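Chemist: how does the following fold in three dimensions:
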Amino acid sequence: WMAIKPNLKCTQFGKYKAMFEEKLAIAEANIDKAVEECNAVVSEHDKLMAEKNEMTLALQSGGSAVQDIIDKTNRLEAAKNDVQKQVDGTNARIKAEEDTIAGLQTAGMKVTADANRLRDEIKNLENTIEKCEEDKMTKDSQIRTLRDEIAHQEDLISKLTKEKKATGESRQKVEEDIQSMEDRCNHL
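Modeler: Numbers count the residues shown, from 1 in each chain. From the prediction side, this is the model:
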């Protein structure tokens, strides 16, 4: 367990959380900048539209510099198109940053869920280890009791064997005495 524990992701939860919070802060800082750029481009667009309207009014009222106004209007429309492209690009960047933030939040939730799952799994394994140790102690106690019983039985067997041998010897002596008595009786 001590060899596996340092390599588990749940023990490194703080590192992953700090990494994701740092990325989230960078993304939020970039969103503010992108929104500011978008607002600046929109205000520039409004100015250009006002100039265009002025030029259009001057063109409609007529004048000697009609061609200059037409050229200026074309330039302003080109500038407007450029500004519109910048606005679209900025909006795309904002959406990308928001997607990045959402992805980081999802990854953070997944890491948290994994950490919780691993904690639960570790608790279950520790409980299983405790039960196994208790079973082992119980089995060891039973083995000691059975060994004591076996030693007691061996003592009884040893005593019975000695008794049997002593009985066999006394029986043999009795048979010899009977044989000698028979021999005496026969001799008489």
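
Chemist: and M109, how far from G103?
Modeler: Between M109 and G103 the computed distance is 11 Å (CB to CB, to the nearest Å). C-beta coordinates here come from the backbone N, C-alpha and C atoms, glycine included.

Chemist: K173 now?
Modeler: K173 is 103 Å from G103, by CB to CB.

Chemist: between these two, which is the more surrounded one?
Modeler: G103 (13 against 10; other CB atoms under 10 Å).

Chemist: what about that one, helix or strand, and which?
Modeler: Using DSSP states H and E, G103 falls within helix 66-187.

Chemist: who are the packing partners of that helix?
Modeler: helix 13-61 (3 or more CB pairs under 8 Å, 6 or more residues apart in numbering; DSSP states H and E).

Chemist: what's the neighbour count on I101?
Modeler: Neighbours around I101, by other CB under 10 Å: 17.

Chemist: identify the residues contacting it.
Modeler: Listed by CB atoms under 8 Å, 6 or more residues apart in numbering, the contact partners of I101 are L24, A27, E28, I31.

Chemist: what about the most centrally placed residue in the chain, distance to L188?
Modeler: By CA atoms, centre = their mean, the mean C-alpha position of the chain lies nearest to D114, the distance being 3.4 Å. Counting by CB to CB, the gap from D114 to L188 is 108 Å.

Chemist: helices or strands up against the helix or strand of the chain with the lowest mean pLDDT?
Modeler: Of all regular secondary-structure elements in the chain, judged by mean pLDDT, DSSP states H and E, the least confident is helix 13-61 with a mean of 82. With contacts defined as 3+ CB pairs under 8 Å, 6+ apart, the packing partners of helix 13-61 are helix 66-187.

Chemist: what inclination does the helix it packs on have with respect to helix 13-61?
Modeler: 160 degrees (axes from the mean of the first three to the mean of the last three CA atoms, to 10 degrees).

Chemist: next one: helix 66-187 to chain centre, how far?
Modeler: With CA atoms, centre = their mean, to the nearest Å as the basis, helix 66-187 stands 17 Å off its chain's centre.

Chemist: wait, K52 touches R75, no?
Modeler: No. Proximity of K52 to R75 does not meet the contact threshold set by CB atoms under 8 Å, at 10.0 Å.
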